[in-house]
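Enquirer: Predicted coordinates and the sequence they were generated for:
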There are 2 protein chains.
Amino acid sequence: MNSEILEKYITSLLPMPAYKAKLFANQFEFLESQKNELLLEENKISKETHFLESGFIRSFTFDNNGNEVTTNIFSAPCFVNDFLSFFKQQPTKENIQTLTNCRLWKMSFQAVQSNFHSYPEFREFGRMMLVTNYSILQDRMLGMIKHTAENRYLKLMKLHPHIFQNVPLKIIASYLGITDTSLSRIRKEISNK
Amino acid sequence: MNSEILEKYITSLLPMPAYKAKLFANQFEFLESQKNELLLEENKISKETHFLESGFIRSFTFDNNGNEVTTNIFSAPCFVNDFLSFFKQQPTKENIQTLTNCRLWKMSFQAVQSNFHSYPEFREFGRMMLVTNYSILQDRMLGMIKHTAENRYLKLMKLHPHIFQNVPLKIIASYLGITDTSLSRIRKEISNK
DNA sequence: TTTATTTCTTGCCAAATGGCAAGTGTATTT
DNA sequence: AAATACACTTGCCATTTGGCAAGAAATAAA
């Protein structure tokens, strides 16, 4: 199995010699996942970290009326995790579900801990992954405060255009913090310009 | 200087023997800060991590019209950081400003790195701090998607009532993602019930 | 192909929130 | 005390977004 994409991703988070990135990448196990599989289920404990090589994944939970709320959309290449459940080994509040067929790499919690212990670069890489994801979430939060739904839509369109060919609009709408009805109108508005 | 609160906070993030928490706490340097001081300024690099023992702090940036946007409000006890700027040692996009007089503890980036290298527990503690803050931000994001402004207000009121005695409403409004005008109306609505 | 199922759009109206400006109140400074 | 700055509220109206239901379009299943 060719782990080149994973290696490149690791190096992009923390520059390191190619052999080292390969060493780390080789400790991940490859898996393929069909559309609509659950990688993590509410109330269970996240036992492994996932790297998404290709495909789309979302995390979701439910609001007080029992409606699904999409909390995140993951667009390859990236890591897909519930950090709280994984690092604290406690039950998650979210569901993580593939939206398309996916190519994935996983590593168990034990293996991660062991690598943290053995390799300073692996620790540093793990920290960079956390910091990067924190920063992405922060940007998204800032967008929620200072942009309209239309601007958030346009921004997502620009940053991750492929999502729109692979993810239903109702899921994208929920991720953007609006209803599918409103998203439909926003798209109409834009196409009228 | 008594670092008991810091020690307790460290232990709450990662259970450890008291002597170890004390060892780590002792490596922080105490400082007092007056109201309205800037701990970090846009485009500068965050050189130290801060623990807020008492007082209130906010982070803010500007929207496209040059208006301030409050991105976060920190209510003691907690850590106050721009993780991206601190851990990557790159220029920040935010300003961090005290809203009241504050009691603080700081540690330089070099000291943090050195402690990460020397103490597995310190690394673990650092990771827990990141994970915890990520999770808090995630909850806030979820709230933006699934709650109305009124519900977000009530939730903040319940979780951090002291903020309302110490932070101007216009700053709280911005943090909640609404205008001060709307917040004023929401408060009126609630008091009418 | 036909039938179901899901997704997306649209019309109607209600509710939530924003923009602006004026007015009131409350600190702070001089 | 007077003057100044800042924080908060309110009225008026515009804009954004939501809720519901019906229908159209696309997709999946039989």
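Expert: Yes, it's here.

Enquirer: pLDDT wise, what is the residue most central in space within chain A at?
Expert: For chain A, the residue nearest the mean C-alpha position is A:F74 (3.4 Å; C-alpha atoms, centre = their mean). pLDDT, A:F74: 98.

Enquirer: nearest residue to it other than its sequence neighbours?
Expert: A:I57 (4.2 Å; C-beta to C-beta, 6 or more residues apart in numbering or on different chains). For every residue, glycine as well, the C-beta is placed using N, CA and C.

Enquirer: Tell me the bridge partners for the one you found.
Expert: A:F74, A:T98 (DSSP bridges).

Enquirer: Now do the contacts for it.
Expert: By C-beta atoms under 8 Å, 6 or more residues apart in numbering or on different chains, A:I57 lies in contact with A:39, A:73-74, A:80, A:96-99, A:102.

Enquirer: mind checking how far it is from A:C102?
Expert: Separation of A:I57 from A:C102 (C-beta to C-beta, to the nearest Å): 6 Å.

Enquirer: And for A:L183?
Expert: Between A:L183 and A:C102 the distance is 24 Å, computed by C-beta to C-beta.

Enquirer: which of these two has more neighbours?
Expert: Per other C-beta atoms under 10 Å in any protein chain shown, whichever of A:L183 and A:C102 has more neighbours is A:C102, with 23 against 20.

Enquirer: List phi and psi for the more buried one.
Expert: A:C102 adopts backbone torsions of phi -130, psi 150, taken as degrees, to the nearest 10.

Enquirer: these two touch, right, it and A:F56?
Expert: Yes - counting by C-beta atoms under 8 Å, A:C102 touches A:F56, with 7.5 Å between them.

Enquirer: residues shared between the contacts of those two?
Expert: What both A:C102 and A:F56 touch, as defined by C-beta under 8 Å, 6+ apart, is the set A:A76.

Enquirer: dump the residue contacts of A:S85.
Expert: Residues in contact with A:S85 (C-beta under 8 Å, 6+ apart) are A:40, A:45-46, A:91-92, A:94.

Enquirer: Out of those residues, which end up buried?
Expert: Buried residues within the contacts of A:S85, counting neighbours by 16 or more other C-beta atoms under 10 Å in any protein chain shown: A:40, A:46, A:92, A:94.

Enquirer: Now render those residues as CSV, adding pLDDT, distance to B:L159 and secondary structure.
Expert: Putting those into CSV (pLDDT from 0 to 100; distance: C-beta to C-beta, whole Å; DSSP: H, G, I helix; E, B strand; the rest coil) gives the following:
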residue, pLDDT, distance to B:L159, secondary structure
A:L40, 97, 27, strand
A:S46, 98, 26, coil
A:T92, 98, 21, coil
A:E94, 96, 21, coil
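
Enquirer: hmm, back to that, quick check: the two most widely separated of the contacts of A:I57?
Expert: A:L39 and A:I73 (13.9 Å; C-beta to C-beta).

Enquirer: A:Q34 is in contact with A:Q97, correct?
Expert: No - at 11.2 Å, A:Q97 does not count as touching A:Q34 under the criterion of C-beta under 8 Å.

Enquirer: Between those two, which has more neighbouring residues?
Expert: Between A:Q97 and A:Q34, counted using other C-beta under 10 Å, A:Q97 has the larger neighbour count: 20 against 9.

Enquirer: gap between the closest residue in space to A:L40 that isn't next to it in sequence and B:F164?
Expert: Spatially, and ignoring its direct neighbours in sequence, A:L40 is nearest to A:I96 (4.1 Å; C-beta to C-beta, 6+ apart). With distances taken as C-beta to C-beta, A:I96 is found 36 Å from B:F164.
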